[in-house]
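Asks: Quick one, what's the 3D model for this:
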Amino acid sequence: MIKILVAGFKGKMGATATKMVLEHDDFELVGVLDPFEDNTNLKQMAEYPEIDVPIFKQKEDVLSVEPDVWIDFTIPKVAYENTRFAIDHKIAPVVGTTGLTEEQLVELTARSESVKIGGLIAPNFAVGAVLMMQFAQKAAEYFPDVEIIELHHDNKLDAPSGTAIKTAEMMSEVRTHKKKGHPEEQELIKGARGADFEGMKIHSVRLPGMIAHQQVQFGGVGEGLTIRHDSYDRSSFMTGVALGCKKVVQLEKLVYGLENLL
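Replies: From the prediction side, this is the model:
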């Protein structure tokens, strides 16, 4: 039985993860974390009337329940601090919060290696999204003309999304460098052509009603190729989160991307 703590349990992703842990036969929910929650136990909340699990306001207090895995769906600044804390106390982090910097990822990976604790930071936990990124990387070998359109709900804090950045990074490993657009093109409104990542354009859409969607659009002479993934419900991410929780306890370092565990 893997003992799990969920940080950010009141958010939409955190709440979905909490329910997944409660319903999974191999997991035991030993605590949840939210610094702004007044209740001290889940059973005090209408959503969990029969669940006797402590609610912690300070991360230091979670050590009393000795979790094996720390699931984190918070915000970038908090997620970085939480992940560093978890690693230092030999709790394997499974982090779905995006927006961590490259420097933070390098530091956290090195820190995990020094204490030999596994962990996972993933920009997307949907298995279909991971396959989409791998298919896009393969296509980029043959189609250097490519742009990414990612679409998310209007409460998402970071843009571009972690998935879009990860996709662009993977494609850049195999893609012949080429700057998109006409050499003399001009933006009549700044930002109209999107963000630039090594010559590829990334466009971020934020609208209510959406969950998480990404389209990788390739163009060639007389043809086009579209690779798209849609998450219509946050439950689509839970297969990957559950897989991460099972796998990280067997690792001795932090990895970035769910594809490393498939």
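Asks: For the protein, which segments count as helices?
Replies: 12-23, 76-88, 102-115, 127-140, 162-172, 238-248 (DSSP state H).
Asks: Residue 136: neighbour count?
Replies: The local packing of residue 136 (other CB atoms under 10 Å) involves 26 other residues. C-beta here means a position set from N, CA and C on the backbone, and glycine is covered the same way.
Asks: any low-confidence regions in this protein?
Replies: For the chain, not a single residue meets the criterion pLDDT under 70.
Asks: Which parts of it belong to which domain?
Replies: 2-121+235-261, 127-231 (automatic domain parsing).
Asks: Ranking those by mean neighbour count, which comes first?
Replies: domain 2-121+235-261 (a mean of 19; mean count of other CB atoms under 10 Å).
Asks: roughly how far out does that one sit from the chain middle?
Replies: Relative to its chain's centre, domain 2-121+235-261 lies at 12 Å (CA atoms, centre = their mean, to the nearest Å).
Asks: distance between the ends of it?
Replies: Using CA to CA, to the nearest Å, one end of domain 2-121+235-261 lies 17 Å from the other.
Asks: Strands of the stretch 151-262 of the chain, residue ranges please.
Replies: Ranges of strands within the stretch 151-262 of the chain are 195-197, 200-206, 212-220, 223-231, 254-256, based on DSSP state E, counting those that start in this stretch.
Asks: okay if I get the ones you listed as TSV plus distance to residue 102?
Replies: Formatted as TSV, these follow (distance: least, CB to CB, whole Å):
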stretch	distance to residue 102
strand 195-197	13
strand 200-206	16
strand 212-220	20
strand 223-231	24
strand 254-256	10
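Asks: which one of those strands lies closest to residue 177?
Replies: Proximity to residue 177 (CB to CB) singles out strand 200-206 among the strands of the stretch 151-262 of the chain, at 9.5 Å.
Asks: what lines up beside the closest one in the sheet?
Replies: The pairing partners recorded for strand 200-206 under DSSP bridges are strand 146-152 (parallel), strand 195-197 (antiparallel).
Asks: ok, residues contacting that strand?
Replies: 146-154, 156, 159-161, 164-165, 168, 171-172, 175, 180-181, 193-196 (CB atoms under 8 Å, 6 or more residues apart in numbering).
Asks: quick revisit: format the helices of the chain as a markdown table; extra columns: distance to residue 65.
Replies: Listed next are these as a markdown table, based on distance: least, CB to CB, whole Å:
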| stretch | distance to residue 65 |
| --- | --- |
| helix 12-23 | 13 |
| helix 76-88 | 13 |
| helix 102-115 | 20 |
| helix 127-140 | 30 |
| helix 162-172 | 29 |
| helix 238-248 | 16 |
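Asks: Quick one: closest of these to residue 70.
Replies: helix 76-88 (4.1 Å).
Asks: and the angle from the closest one to helix 102-115?
Replies: Helix 76-88 and helix 102-115 meet at an angle of 10 degrees, taking axes from the mean of the first three to the mean of the last three CA atoms, to 10 degrees as the criterion.
Asks: Nearest to residue 81 among the strands of the stretch 151-262 of the chain would be which one?
Replies: Across the strands of the stretch 151-262 of the chain, closest to residue 81 is strand 254-256 (CB to CB), at 15.1 Å.
Asks: on contacts alone, who are the packing partners of the closest one?
Replies: helix 102-115, strand 119-121 (3 or more CB pairs under 8 Å, 6 or more residues apart in numbering; DSSP states H and E).
Asks: I'm done for today, thanks for sticking with me.
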